[in-house]
Structure formats: C-alpha cells, structure tokens
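1. what follows is a predicted structure for the sequence shown.
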Amino acid sequence: MIPFAYSKPTDVAGALQLAGPDSHFIAGGTNLLDLMKENVAQPQRLIDITGLPLREVTATASGGLSIGALVGNAELARHPRIEADYPLLAQAILAGASPQLRNMASSGGNLLQRTRCAYFYDSAVPCNKRAPGTGCPARSGLNRNHAILGASQHCVAVHPSDMCVALAALEATVQVQGPAGSRQIAFADFHRLPGEQPERDNTLADNELITAIELPAPRFAEHVHYLKVRDRASYAFALISVAAALRLEGERIGELRLALGGVAHKPWRDPALEARFQGQPATSATYTQIAQAMLSGAQPLAHNAFKVTLAHNAIIRALGQAQRRQGATA
Amino acid sequence: MSDSDCIPAHQPLELSINGQRHQLQVAPWMTLLDLLRDQLDLTGSKKGCDHGQCGACTVLRNGQRVNACLTLAIMCDGDCITTIEGLADDERLHPLQQAFIRHDAFQCGYCTPGQICSAVALASEGRALSRAEIQEGMSGNLCRCGAYGNIVAAVEEALPQMIASDQGGPRA
Ligand SMILES: Cc1cc2nc3c(=O)[nH]c(=O)nc-3n(C[C@H](O)[C@H](O)[C@H](O)COP(=O)(O)OP(=O)(O)OC[C@H]3O[C@@H](n4cnc5c(N)ncnc54)[C@H](O)[C@@H]3O)c2cc1C
Ligand code: SF4
Ligand code: FES
Ligand code: FES
C-alpha cells in the first residue's frame, strides 16, 4: 500500500467536501484495501465514512424499506424486516463471502465492489478496466470465470456481487448525494455494461456518495430462491447465480422476476421477458422456456461455454425451488 | 491535495486489546493485523493470505469476528479487540481451546487461532447449532492441513456449553 492521508468526517457534507478523483471513501474496506495492497487502487486520501449517520433501516412512506449505506451485510441479512419481507435478499447476502467479511462489508460498498478478474488484479499486465486502452488479456487468455452476456470487445469481466443480483430482481433504487444535491438511480441503471468504457463499473460520479438503498413495498416474500453455483460449497464467488421470485396465481405465474449473477458486467435481468411469461403455467416446461429465452443471446468465450448450460439448469432449478418454497423461512 | 494536508506518518489511536488499554501512534496504512503482530508482539493472530481469503487473522472487534488483515488499525479508534491471547482465563483455557486439544483439531496449528476466535463469535451469534450450520458458520476459516472434521467436532462439543455459560462473547 502506498501512503495516503486519512480523514474521518462526521457528516455527509463534510465527506462530500473531501471527495474527488484522488480520494476514495472507505467503509468496510474489504474490497478497497485488497485493491490497494495490489496497487490496483492508489488513493492519495481515504475518507473514512464509518462515522456518518447512515446506519439505519427505516420504513418508507410507500411501504418499502430504506437501508442506510453503512448497514453491514451480516446485520442486514438478519434484520427482521428483511428476513420476513425480502427473504430473497437475505439469502443472497448469506451466500456471499464469509461471516467475518459480512460483518465488515457495508451495503454501499457491496454495490461498488470491483470485478475479481485476475488480470484486473495483476497490475503487471494490461487491462482496459484498470488502465484504459491497454487491452483485455482475458479475451484471449484464461476466461473461465468471465462473461457470457453483454460483454464488449474491450472487457469481458463480470460483477461479483451476490447481494446486487437480489437487489436487481427486487427493483431497488440507489439513493445518492453529491455536490449538486441528491438523486435516485434505478438499480437497472446503476451498474453498466462495459461497452467502450470498461473502466466505469457504474453510473456513480467520483464525488457522489451512496446514502441508502431503497426497497419498494414487498411483493415477493414467499416464492423466492437464490441459487449460487460455485467451485466449492462456501466462501467462493459465483460461477452462476440466480435470483428467482414468483407470485403465483393458482397454477400460473402471476408475476416473475429473474436476475442472474456471474454472467455479465452487471446483474442480468430482462423485464420484457419476465412480462412475456406472465400467465403461463408454473411448470418446469415453462421454466425451461424461460431459461432458453434468458440465454438466447449468450456468447461464451473459449473456456466458459459450460456456464451457458450451468445457467440454463440453474434457472430451471431456482424457479422450481421458488415455487415450492412456502413462508418466510428458508 | 492542499499543503495543509500533507500526509502525516503517524496518527494517535486508542484501543483496548484483551482488556488492556493502549495509546498508540500508527501510520494510517497499517492494518490491525500488522499492528498486533509487528508493533505489539501479539503474534497469535496469523497472516495467511493478507487478502481476506483464509481467516487466519480472525479477531474479535467489539465482539464481532473480522479479518484483521483487511482492517485499518486507525479505523478501530476506541474499539475493543480480542485476540487468541485474550481468551484464556489466566491458566484456565477457554472451553473452545480445551475442545480443540481434546479433538486434536489441528495439525500445523497455523489456522487455529483464527478458527478459535471465529468459533467464539459463532457461539455469540446464537444461530449455528446443527453440524451443517457449524460447517457453514466456520467456512470463513480455511485449514490447509484439512483438519476440518476435528475442528467441526470440537466446535460442536463446545458450542452448547459456551451458549449455556454465556462464554460466547469476548471479555473486553
Ligand atoms: C475473500 C473475499 C470473498 C468474497 N466473496 C464474496 C462473495 O462471494 N459474494 C459477494 O457478493 N461479495 C464477496 N466479497 C466482496 C465483499 O462483499 C465486498 O468486498 C464488500 O461488500 C464491500 O463492502 P465494503 O464496505 O467492505 O467496501 P469498501 O472496500 O469499503 O469499499 C468498496 C468501494 O466502494 C466505495 N464506497 C464504499 N461505500 C461507499 C458509499 N457509501 N458511497 C460511495 N462509495 C462508497 C469505496 O470508495 C470503494 O471504492 C468477497 C470479498 C473477499 C475479500
Ligand atoms: S475482462 Fe475486463 S477486467 Fe478483465 S482483463 Fe479484460 S478489461 Fe481487464
Ligand atoms: S490473513 Fe486475513 S484472511 Fe488471510
Ligand atoms: S492446522 Fe494447519 S492450517 Fe489448519
């Protein structure tokens, strides 16, 4: 780690005043410090935001929930309102990292964690995301863990978060504050595809702070399932993950939400597809059609064609599990 | 950066470690793990990977288990830290330490301090009781020697005892 200055403001305005391109906010530190040790991140100043009053989980006027950016991942997964009304989110969080890391990690930091692409982490090799314009060694190199959807010529990295896959399915919004005031970003617009600018993971500006994540009023408290497939049983990033949520009307799909992790530069969701399957029978035949449609645009790389099959089967299984699940406990 | 905030090499830090108060000067870039091991000679906490991937550095921060390698010391100002050195009651080992010996829950012992601190927190979290829950609850601690079977057996034995006697939490 290179030396840096350290400040700990006590209010949001103070934190924003210090923000800028050479400064980084630090919350749990579980991603940023890791990247600093590898010289992938080299901030000149750390702005410790753990003193800011962003630790509350509060009910919103519209019947939803506002989660302060500093609420810890472990705390959030065990929050009674999350367990009861948003079990998909609880399951996704508990599928990620380790108990230690979940104690440290914050809600805001989880959204902003960077890709685990090994070339991105190795500052001795080129990488368009870390050093724009230098090339993408993953495209022709080892790309077993990389994207099968939505990648570009310039980057084939995937977003590593589990929590974000559930937040995408639940249509959360991200509350942001910057020098010009506050704004809301729909979850689908928060993370971005790499396109021509793989150095940009999301649509947040350097000098903007996430203050909260807002969940709409609960619609999927019953038939949900988060399925994560990885190389070992725990404490590993997803090869494929599926956040599945159903509202059943008798034997039919009343409403469907489906988001995939491990497949793209952002949690992958297709609302038009979800709408198309509304009213269809809730059967494995339908789930197979959903899986096919979801993956019809897949473009695997040299080493990750297996992910297309894995994702296909995982979607069918997750929807089946969601359908069979009853009540709030997993 | 403006001139007024040239990088200070050391900043004051006050910590309680294993019940003892420390007033220290640390560089902002020093991790809690390096502070414990290099500056305070508390070498029980181990550095396996230095990247949050193994759990060998697990300590309790205000009663919660954390990876000390991904924690900046300066961010712990005012906190209570418990390390493996702080678990025994004088000469009397913590029930988990005793259980690890009884079950031979190690080979080289490098992961053991982290395993034990992690299990102490697991007990205080009050969730894991079944064998499968213990396995998942201990999954943040890798053991290169593969002593997992005996580690889980040791935790399984000590857990009910700790929860009953309220020894899950650290003594600040
Ligand atoms: C070994 C290991 C395994 C892991 N496995 C998984 C896994 O399986 N699944 C998973 O989902 N995650 C996993 N993680 C990642 C972990 O979930 C993230 O590192 C964590 O959520 C980041 O949160 P943090 O508070 O520690 O972020 P920090 O490291 O503090 O910050 C991350 C980034 O966010 C910025 N930031 C933080 N808060 C704010 C804010 N409020 N506003 C604006 N910017 C902000 C920081 O400037 C920094 O750039 C793993 C991590 C490790 C080390
Ligand atoms: S996939 Fe993206 S992050 Fe990985 S090497 Fe290519 S440009 Fe870098
Ligand atoms: S040394 Fe901290 S997790 Fe490995
Ligand atoms: S006993 Fe050797 S690493 Fe666990």
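-> Received it, and whenever you're ready, just let me know what you need. This is a predicted model, so every value here is computed, not measured. Ligands and ions are numbered 1, 2, ... in the order given.

2. separation between the residue positioned nearest the centre of chain B and B:Ala158?
-> Taking CA atoms, centre = their mean, the centroid of chain B lies closest to B:Val59, which sits 1.8 Å from it. Going from B:Val59 to B:Ala158 by CB to CB, to the nearest Å gives 19 Å. Using the backbone N, CA and C atoms, a C-beta is placed for each residue, glycine as well.

3. got the phi and psi for residue 8?
-> In the absence of a named chain, this looks at chain A. phi -130, psi 90 (degrees, to the nearest 10).

4. and the residue lying closest to A:Leu142 once chain neighbours are set aside, what is it in contact with?
-> Using CB to CB, 6 or more residues apart in numbering or on different chains and skipping the chain neighbours, the partner closest in space to A:Leu142 is A:His303 (6.4 Å). Listed by CB atoms under 8 Å, 6 or more residues apart in numbering or on different chains, the contact set of A:His303 reads A:Leu142, A:Asn143, A:Arg144.

5. where neighbours are concerned, which of the residues you listed has the most?
-> Counting neighbours by other CB atoms under 10 Å in any protein chain shown, A:Asn143 comes out on top of the contacts of A:His303 with 23 neighbours.

6. show the contacting residues for that residue.
-> Going by CB under 8 Å, 6+ apart, A:Asn143 touches A:Val156, A:Leu301, A:Ala302, A:His303, A:Asn304.

7. quick one: pLDDT of residue 135?
-> Looking at chain A here, since you left the chain open. On the pLDDT scale, A:Gly135 is placed at 98.

8. that answer is for a different chain, and I need it for chain B
-> 96.

9. could you find the closest non-adjacent residue to the residue of the stretch 151-300 of chain A found nearest chain B?
-> At 3.7 Å from chain B, A:Ser234 is the closest residue in the stretch 151-300 of chain A, using CB to the nearest CB. The spatial neighbour of A:Ser234 that comes closest, neighbours along the chain excluded (CB to CB, 6+ apart), is B:Ser139 at 3.7 Å.

10. ok, and what's touching the helix or strand hosting A:Ala168?
-> Assessed by DSSP states H and E, A:Ala168 sits inside helix A:163-169. Here helix A:163-169 makes contact (CB under 8 Å, 6+ apart) with A:73, A:86, A:88-89, A:91-93, A:96, A:107, A:110-111, A:187-188, A:191, A:213, A:215, A:220, A:226, A:241-245, A:257-261, A:266-267, A:269.

11. so how do I select the buried members of the contacts of A:Asn143 in ChimeraX?
-> Entered in ChimeraX, the line below selects the buried ones among those, by 16 or more other CB atoms under 10 Å in any protein chain shown:
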select /A:156,301,304
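
12. save the contacts of A:Asn143 as TSV, and put in pLDDT too.
-> Shown next, in TSV, are the contacts of A:Asn143 (pLDDT from 0 to 100):
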residue	pLDDT
A:Val156	98
A:Leu301	98
A:Ala302	98
A:His303	98
A:Asn304	98
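
13. okay, the contacts of A:Asn143 in TSV with distance to A:Gln42 and secondary structure next?
-> What follows is the contacts of A:Asn143, written out as TSV (distance: CB to CB, whole Å; DSSP: H, G, I helix; E, B strand; the rest coil):
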residue	distance to A:Gln42	secondary structure
A:Val156	25	coil
A:Leu301	30	coil
A:Ala302	32	coil
A:His303	31	coil
A:Asn304	31	coil
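
14. mind listing the strands for the chain?
-> Just going to use chain A. Taking DSSP state E to define them, one finds strands in chain A at A:5-7, A:23-26, A:45-48, A:57-59, A:65-68, A:173-178, A:181-186, A:209-215, A:223-229, A:240-249, A:252-261, A:268-269.

15. um, chain B though
-> Ranges of strands in chain B, per DSSP E, are B:11-17, B:20-26, B:58-61, B:64-67, B:80-82.

16. what's the pLDDT at the single nearest residue of chain B relative to ligand 2?
-> Proximity to ligand 2, evaluated over chain B using CB to the nearest ligand atom, is greatest for B:His51 at 17.6 Å. For B:His51, the pLDDT comes out at 98.

17. and for it, the neighbour number?
-> Neighbours of B:His51 (other CB under 10 Å): 16.

18. hmm, it is touching B:Cys57, no?
-> No: between B:His51 and B:Cys57 there is no contact under CB atoms under 8 Å: 10.1 Å.

19. overlap in contacts, those two.
-> Taking CB under 8 Å, 6+ apart as the contact rule, B:His51 and B:Cys57 both touch B:Cys69.

20. tell me the residues of chain A that contact chain B?
-> Proximity of chain A to chain B (CB under 8 Å from any CB of the partner chain) is limited to residues A:1-8, A:22, A:26, A:28-30, A:33-34, A:37, A:44-46, A:48, A:50, A:74, A:97-101, A:103-104, A:233-235.

21. check those residues against ligand 1, which are close?
-> Filtering the residues of chain A next to chain B for proximity to ligand 1 (criterion: CB under 6 Å from any ligand atom) leaves A:Ile26, A:Gly28, A:Gly29, A:Thr30, A:Asp34, A:Ala97, A:Leu101, A:Met104.

22. which single one of these is nearest to A:Lys129?
-> A:Asp34 (15.5 Å; CB to CB).

23. residue contacts, that closest one?
-> B:His51, B:Gly52, B:Leu70.

24. and what of A:Ala69?
-> Counting by CB under 8 Å, 6+ apart, A:Ala69 touches A:Ala27, A:Ile49, A:Leu52, A:Leu54, A:Ser106, A:Ser107, A:Gly108, A:Leu209, A:Ile210, A:Thr211, A:Ala212, A:Ile213.
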